[in-house]
Each structure stands twice: as structure tokens, then as C-alpha cells.
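*Asks:* coords please:
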Amino acid sequence: MTALTRQLLEQKRQRRRMLTQLSFPEKVRIVEKLRDASKRMAQAARSQGLRAD
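*Replies:* The predicted model follows:
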């Protein structure tokens, strides 16, 4: 395993530990932000003809 892979895995573990410490409403807020961003990206892709309707 390369040093970069080890570093990425450790960062992923740290993010997961941080997320377990958050309250449920905060987790919901994060999921809603991710969902909204995903919708905006899909809409932008459709407007550029990169994604079918």
C-alpha cells in the first residue's frame, strides 16, 4: 500500500469518527446539503447536454 493510500484511508477514518460525534439534526443538515448539490450538478449537466432528461 502506498503512502498516499494510507494517508487517504486515515483521513477517511478520521472523517467517520467526526461524523459519529455529530447530532442527528446536524447529520440530516449535511445530507440535505449533499442532496441539493447533487441536484444542482445534475441540472447543470442536463443544461449542457451532458445528461439525458
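
*Asks:* Okay, and the residue nearest the centre of the chain sits in which element?
*Replies:* Nearest to the mean C-alpha position of the chain, counting by C-alpha atoms, centre = their mean, stands Leu34 at 6.0 Å. Secondary structure from DSSP states H and E places Leu34 in helix 24-47.

*Asks:* what's that helix in contact with?
*Replies:* With C-beta atoms under 8 Å, 6 or more residues apart in numbering as the contact definition, helix 24-47 has outside contacts at Leu19, Leu22, Arg51, Ala52, Asp53. C-beta coordinates here come from the backbone N, C-alpha and C atoms, glycine included.

*Asks:* residue ranges with poor pLDDT in this protein?
*Replies:* Scanning the chain with the threshold set as pLDDT under 70 gives 53.

*Asks:* For Leu22, which non-adjacent residue is closest in space?
*Replies:* Distances taken as C-beta to C-beta, 6 or more residues apart in numbering put Ile30 closest to Leu22, at 7.6 Å, once the chain neighbours are dropped.

*Asks:* Okay, and which of the contacts of helix 24-47 map to helices?
*Replies:* Counted as lying in helices by DSSP state H, out of those, are Leu19.

*Asks:* Would you list the buried entries among the contacts of helix 24-47?
*Replies:* Buried by 16 or more other C-beta atoms under 10 Å: nothing, out of these.
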